[in-house]
Structure formats: C-alpha cells, structure tokens
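Trainee: Here is my input, please return the structure:
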Amino acid sequence: MAQPPLLQLTDISLTYGGDPVFDGLSLNVQPGDRVALVGRNGSGKSTLMRVMAGLTETDRGDRVVPPGATVGYMEQDPDLSGYETLGAFAASGLDPAEAYKVERASEGLKFDPARTVATASGGERRRAALAKLMAEDPDLMLLDEPTNHLDIEAIGWLETELRATRKAFVLISHDRRFLTELTRATLWIDRGAVRRSEQGFAHFETWRDKVWEDEDTQRHKLDRRIKAEARWAVEGISARRKRNMGRVRALQDMRETRASMIRRQGTAAMDLASGPTSGKRVIEAEGLAKRFGERTILRDFSLRVLRGDRVAFVGPNGVGKTTLIRMLTGEIAPDEGTVTLGTNLVPAVFDQTRAALDPDMTLWDSLTGDPDMRVSGKADQVLVRGEPKHVVAYLKDFLFDERRARAPVRSLSGGEKARLLLARLMARESNLLVLDEPTNDLDVETLDLLQDLIGEYDGTVMLISHDRDFLDRVATTTVAMEGDGLAVVYAGGWSDYRAQRAEGQAEAAPARPAAKPATAPKVEPKPAAARKSAGLSFTEKHRLQALPDEIARLEAEIGKLNQLLTDPDLALREPVKFRKATEALAERQSKLDAAETEWLSLEEKAEAAE
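Mentor: Numbers count the residues shown, from 1 in each chain. Have a look, this model is predicted:
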C-alpha cells in the first residue's frame, strides 16, 4: 500500500500587493524524496519553502501534513531571541538524552554551542539553526541555503549526513556540486509556475533548455496562427462574417493566450572590462608569515602571480584566506617576508560582507552615490566603464525592475544584493579582480554568466569560494590553507587539488598490498587515496577516486526505482510513470554495469603498477 505524501499543497495562491507570486500551485513531497528547489533570484523559492513549512499564510489553497508526520524548516535568518547561547537554541525542544546530537552537529558544522547569541555572527546563528534541524531529525527537512557560511569541510560533513539519512528533504542552494550529489528530483519555479522533474539537479539544465525550446516552438506556431486568422478577419467577405463569428471569437482567444505568455527573464547583461594592461608579474610574495597573538595565520609562504592567472584560496572558515589576500594586495603588512606588486595594477574588490552596501540607501543612491560612478551635474546617470548611462537602464542590465530603483537595499534578497554589488564592481575598469565569496546566493544562470566573464577577462583574478563546482570551472591555481600557518600551492581547481593532495599522501604512506575484491566489483572499494596508483594517468587517478561514490549513488537510485516498481497496480494506475520508471531503471543499471567495469579495470591497472 502506497504511503501518503508527507506534504501536500493544493491550489495555492499568494499575492503580495501586485502580481501573484503563485496561482493555482499544487505539489506533493513523498517519503524519502530528495528534492532540489531551483529558480531565479527573486522567483519565490524562499517564499514557497515558508509556505511548505506553514509559516506563510496563503490567499487560497490547502496545506496538508498527515497526522504524526513532522516537518522541520531551516530559514536564512533564524530568530534566536530568548536564548542565551547558540547551544541552548539548538537543543530547545529536544529530550535531554538527545543533547549529544547538538554537540555532534556543532563539531561537524564548526560552531561553539557555548557562544552567546548576542556575540554570535550571522553565519554562526545559521549554523546553530542547521544543527537544531539536524538534531531534531524530522520526517521532512526544508533547507534554505544550508551551505551559506559553511566552509568546504563543513559542507562535506553536511553532504555526508544528508546522503545517509532516510528522511525526505527539499534543498535550496547555490552550490551546484552539493545539489548534484544529493538530489533525485527537481522543483523548478519559473514565472510563478512550479514544475517537477523526477531527475536530480544534475539533469536540470538539460530539462530547462528543453522546456524553453518547446515554449519557443509553441509561441512561434501560435504567432503564425494569429497572423493567418487576423488576415482572414480583415480580408474576409462581409456576407460570411455572420456565419463565422466563432472563428472571430477563436482569434480573440488566441490573442489572449499569446498575451498571457510571460516572457522568460533574460540573463543579466553583465560585463567585465579590463583596464590598462598590467605588467607580466602581478604579485611576487617571498617568505610571508603572519600571527595574531598566539595564533599563526601563515608561515614561510611564497607565491608568484602572473598576468592572466586565476588563483583560488580555499580552506576552513577563519583560517586566514581573506588576511592572506589582503597581504598579497598590500592592504596589510606581513610580519615577515616581502610582497612586490607589479606595475600598473588597477584592482577591483568584491567583498563577501557586503560592507559597500548601506541597507538604508536605495538602489538608485547606491549607484549614484558611489564616487567611482558619479557623473558630475547629473543625478540620474552613472559612469559605466567610462561612459554615462541612466541609472535605471543600468539596473535593468542586472535584472532589477525599474519599480525597485527607489526601494531600500535591505529589501533585497541575498542574490539581489550580490547582483547590486557586481553592478558596482563591473562599472569600473580593472586588471586585478579580488572576489571574496562572489557565488553566495547567485542563481544558476548568473553563476554561469559570471564564470564565463571570468574566463574571458583579460586581467588577473584572485578569489575565495567554497563552491567546488565553481572552483573547478574557473581556477588555474589553488592555494590550500590547511591551518597552523600551512598554505600549499597546487595546480588547477578544487578536484585537481584534492587529487594531487591524495596522491602525495598515498606516496608518503608506508607501502602495503591493496585489498582485492573477493567476488564482484560491487564490494566497496578502498579509497583511492590509500593506494599507490603510479601506473595511472592523472585523469585515471581522479576517475578511480570518483567511481565509488558514483557506484553508490547509482545503487541507491536503482533501489528506489525497484521499490517503486514493486507496486503491482502501478502499470494500470499510472502507465506513464510506470514506463518512465522502467526506462530509468534500465538506464541506471546500464550505467552501474559500466561504472563497475571501469572501476575494476582501473583497480587492476593500479595494482599491476605496484
């Protein structure tokens, strides 16, 4: 017997004083669902999640949670008022015997439960709210940007926890790798409608592009029909008009249908203009060291940055990544060592704290009040890469509606604040970009565009990010800060760094015989980092590391599909769903067979080289 949905929304409508956010929305979340909730910034993702949590009252519709089912919600700005410490908040509502769960989560998420709420940062408050939700372990977890303010290690811990849970969850996240690894279905908010795909985020872009292609085809066909019918209405014989009023009414209906087709929001018209060419050597750092009191931030670090390099800085929160960049740009002095800056440098800085944005200023004043963008004698224009442009037109380039121009900055979502900061940054010419957490809160399309712009930028880029996918796509060099002052330079992005680090650890470890599968490659293989693999190419080593997780994911998906197909009435009751599930099962089984064969082949090749 099929289980009832954990959450059911039926005919939901919600309006905030203007156009409806949602109209006639219906959706279900089933037990065990792992759902990515995606959409453009400002499309209503957080609003929908609050509706799902029962915290936002709708104009119309029903929200049903079956008796005994529990729904937990982690919001972006949790309210901790009334609690003395972060730990007291995270443990509220728990049985004292389960307090250990908060301690465990605090270690994984890296916050101090004893810290007072009054002195805690926004990131620490969010981590405490996430720990509370993980400790409560509800049947359905609603997670709104859980990876914000987490470093890569904490993201990895959370990813492991969510992969292991049997509970359902819905995720909003800007971290593509996180969504790809964890989700098996996708909810997409697009122009007030919510579509669902029974495939995870890994397939989202292909699905989205197909939907848009079908829309364009439908719109084109409708335009041709309207044009043909309109010609008939003008040129038709008057005597026949009376007999064909139905056709006239059909034409009117088609025009109304066409008018109701809401055009897709385009991508931001962002652009990065390089300033004068810098010297070939941008930064030369030798023997840097830095301490704050008893704490060592950096010791004996050297780095050469050449024109055109894309250097990523990674490591746990608080390890000193921003401090290192400030030393490299000459903003603060090292305790030891020297930094030599190249000639003709024109830097531009993206600050993760959003300190350049005054929450009480309007969007209009945030641009016209910037000294670098001010046009003398013209209060309605800004200077964009040396050319004057109307402030509203420039805001539209970054997808802001002209009605928002006089709205306060505090009314913007996180993604909208990031876009406004990018608008200020990209208005000026530069040849050295310093980007501190630029990807936070940005939607997929804007991330894609930013990635392309960085790739085409003629200058040099130094960036801090915890987004592994973004690092892989952008970075040519990675500086890994591993604590206690240790910083190591690696070639390539995040995956390259992890592979090279694992290879180095394997070579440094005492040699020991590799475990061989007893019967079939389905036996869990040892981590690739624990083996010698000198006979493999760099790509093969990286692939050998990735295959165990891929095999585990495919086996989990096959298990879910097999469970679905055990319903004897599914083929008669829902033939389309049965067909899709059967096709998906065959596809995943084929991929699993191929992955197991590939793993066995690479494993044997690695062993032969020992």
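
Trainee: What strand or helix carries Val488?
Mentor: Using DSSP states H and E, Val488 sits within strand 486-491.

Trainee: mind listing the helices for the stretch 401-550 of the chain?
Mentor: Assigned helices in the stretch 401-550 of the chain, in chain order: 414-426, 444-456, 468-474, 494-508, 538-565 (criterion: DSSP state H, counting those that start in this stretch).

Trainee: Quick check: mean pLDDT of the shortest one?
Mentor: Right, the one you point to is helix 468-474. Helix 468-474 shows an average pLDDT of 90 in the prediction.

Trainee: ditto for the second one
Mentor: Summarised as a single mean, pLDDT over helix 444-456 is 82.

Trainee: That helix versus helix 414-426: what angle between them?
Mentor: Angle, helix 444-456 to helix 414-426, by axes from the mean of the first three to the mean of the last three CA atoms, to 10 degrees: 30 degrees.

Trainee: What residues sit buried inside helix 444-456?
Mentor: 444-447, 449-450, 454 (16 or more other CB atoms under 10 Å). Using the backbone N, CA and C atoms, a C-beta is placed for each residue, glycine as well.

Trainee: ok, the residues you listed vs Glu198, which is closest?
Mentor: Val444 (19.3 Å; CB to CB).

Trainee: Contact partners for that closest one?
Mentor: 38, 176, 204-205 (CB atoms under 8 Å, 6 or more residues apart in numbering).

Trainee: quick one on the thing from earlier: run through who's touching the strand holding Val488.
Mentor: Here strand 486-491 has contacts from 298-299, 301, 303, 315, 324, 476-482, 496-497, 500-501, using CB under 8 Å, 6+ apart.

Trainee: from the buried residues of helix 444-456, which single one is nearest Asp137?
Mentor: Using CB to CB, the buried residues of helix 444-456 come closest to Asp137 at Val444, 29.6 Å.

Trainee: now the contacts of strand 486-491: which count as buried?
Mentor: By 16+ other CB under 10 Å, the contacts of strand 486-491 give 298-299, 301, 303, 315, 324, 477-481, 496-497, 500-501 as buried.

Trainee: what's the helix or strand for Arg299?
Mentor: Going by DSSP H and E, Arg299 is part of strand 295-306.

Trainee: So what touches the next helix-or-strand element following that strand?
Mentor: Following strand 295-306 in sequence order, the next helix or strand is strand 310-314 (DSSP H and E). If you take CB under 8 Å, 6+ apart as the criterion, strand 310-314 is touched by 152, 303, 305, 321, 324-325, 454, 460-466, 471, 474-481, 493-494, 497.

Trainee: go on, stretch 7-17?
Mentor: 20-29, 47, 51-52, 56, 58-65, 69, 71, 140.

Trainee: Narrow the residues you listed to those that are buried.
Mentor: 21-23, 25, 27, 29, 47, 51-52, 58, 61, 63, 65, 69, 71, 140.

Trainee: tell me which helix or strand of the chain sits lowest on mean pLDDT?
Mentor: helix 238-241 (a mean of 50; mean pLDDT, DSSP states H and E).

Trainee: mind listing what the residue nearest to Ser46 when sequence neighbours are not counted touches?
Mentor: Spatial nearest neighbour of Ser46, chain neighbours left out: Asp144 (5.6 Å); criterion: CB to CB, 6 or more residues apart in numbering. By CB under 8 Å, 6+ apart, Asp144 lies in contact with 45-46, 49, 73-76, 172.

Trainee: Let's see which of the residues you listed end up in helices.
Mentor: 45-46, 49 (DSSP state H).

Trainee: Dump these into TSV; add distance to Leu7, neighbour count and pLDDT as well.
Mentor: Below are the ones in helices among the contacts of Asp144 laid out as TSV (distance: CB to CB, whole Å; neighbours: other CB atoms under 10 Å; pLDDT from 0 to 100):
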residue	distance to Leu7	neighbour count	pLDDT
Lys45	16	24	89
Ser46	16	19	88
Met49	11	23	93
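
Trainee: Between those, which sits nearest Val282?
Mentor: Nearest member of these to Val282, counting by CB to CB, is Lys45, at 38.7 Å.

Trainee: For the closest one, give me its contacts.
Mentor: 37-39, 144, 172, 189.

Trainee: Return the item of those residues having minimum pLDDT.
Mentor: Gly39 (88).

Trainee: Look at the nearest residue to that one once chain neighbours are set aside and give its secondary structure.
Mentor: Leaving out its chain neighbours, the residue that sits closest to Gly39 by CB to CB, 6+ apart is Ile189, at 3.4 Å. Put simply, Ile189 is strand when judged by DSSP: H, G, I helix; E, B strand; the rest coil.

Trainee: for Pro5, same thing?
Mentor: coil.

Trainee: Look up the pLDDT of Asp524 for me, please.
Mentor: No Asp there; residue 524 is Glu. 43.

Trainee: And Ser92, by the same measure?
Mentor: For Ser92, the model assigns a pLDDT of 92.

Trainee: ok, now Ala405?
Mentor: At Ala405, the pLDDT value in this model is 86.

Trainee: was I right about it contacting Ser366?
Mentor: No: between Ala405 and Ser366 there is no contact under CB atoms under 8 Å: 10.1 Å.

Trainee: Grab the longest helix from this structure for me.
Mentor: Per DSSP H, the chain has its longest helix at helix 575-608.

Trainee: That helix relative to helix 538-565, how many degrees between them?
Mentor: Using the same axes, to 10 degrees: helix 575-608 against helix 538-565 is 150 degrees.

Trainee: returning to what we had before: the residue nearest to Ser46 pairs with what?
Mentor: Counting by DSSP bridges, Asp144 is bridged to Ile172.

Trainee: sorry, back to before: more neighbours: Ala405 and Ser366, which one.
Mentor: Ranked by neighbour count (other CB atoms under 10 Å), Ala405 and Ser366 place Ser366 first, with 24 against 17.

Trainee: Now do the helix or strand hosting that one, average pLDDT.
Mentor: Element membership of Ser366, judged by DSSP H and E, is helix 363-368. The average pLDDT within helix 363-368 is 88.

Trainee: Which neighbouring elements make contact with it?
Mentor: Applying 3 or more CB pairs under 8 Å, 6 or more residues apart in numbering; DSSP states H and E, one finds that helix 363-368 contacts strand 381-384, helix 391-397, helix 414-426.

Trainee: got the ones you listed as JSON lines, with mean pLDDT columns?
Mentor: Listed next are the helices and strands packed on helix 363-368 as JSON lines, based on pLDDT from 0 to 100:
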{"stretch": "strand 381-384", "mean pLDDT": "84"}
{"stretch": "helix 391-397", "mean pLDDT": "86"}
{"stretch": "helix 414-426", "mean pLDDT": "83"}
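
Trainee: Nearest to Arg219, out of the ones you listed?
Mentor: helix 391-397 (22.7 Å).

Trainee: Can you tell me the centre-most residue of the chain?
Mentor: His174 (1.5 Å; CA atoms, centre = their mean).

Trainee: Next, work out how far apart that one and Thr147 are.
Mentor: 8 Å (CB to CB, to the nearest Å).

Trainee: and if you look at Pro548?
Mentor: 23 Å.

Trainee: So the two - more neighbours on which side?
Mentor: Taking other CB under 10 Å, Pro548 and Thr147 do not tie; Thr147 has more neighbours (24 against 16).

Trainee: looking at this, the more buried one is in a helix?
Mentor: No: according to three-state DSSP, Thr147 belongs to no helix; its state is coil.

Trainee: got the contact list for it?
Mentor: 155, 158, 173-175, 178, 466.

Trainee: mind listing which of the contacts of Val444 are in helices?
Mentor: 176, 204-205.

Trainee: quick one: low-confidence parts of the stretch 151-300 of the chain?
Mentor: 220, 222-223, 225-270 (pLDDT under 70).
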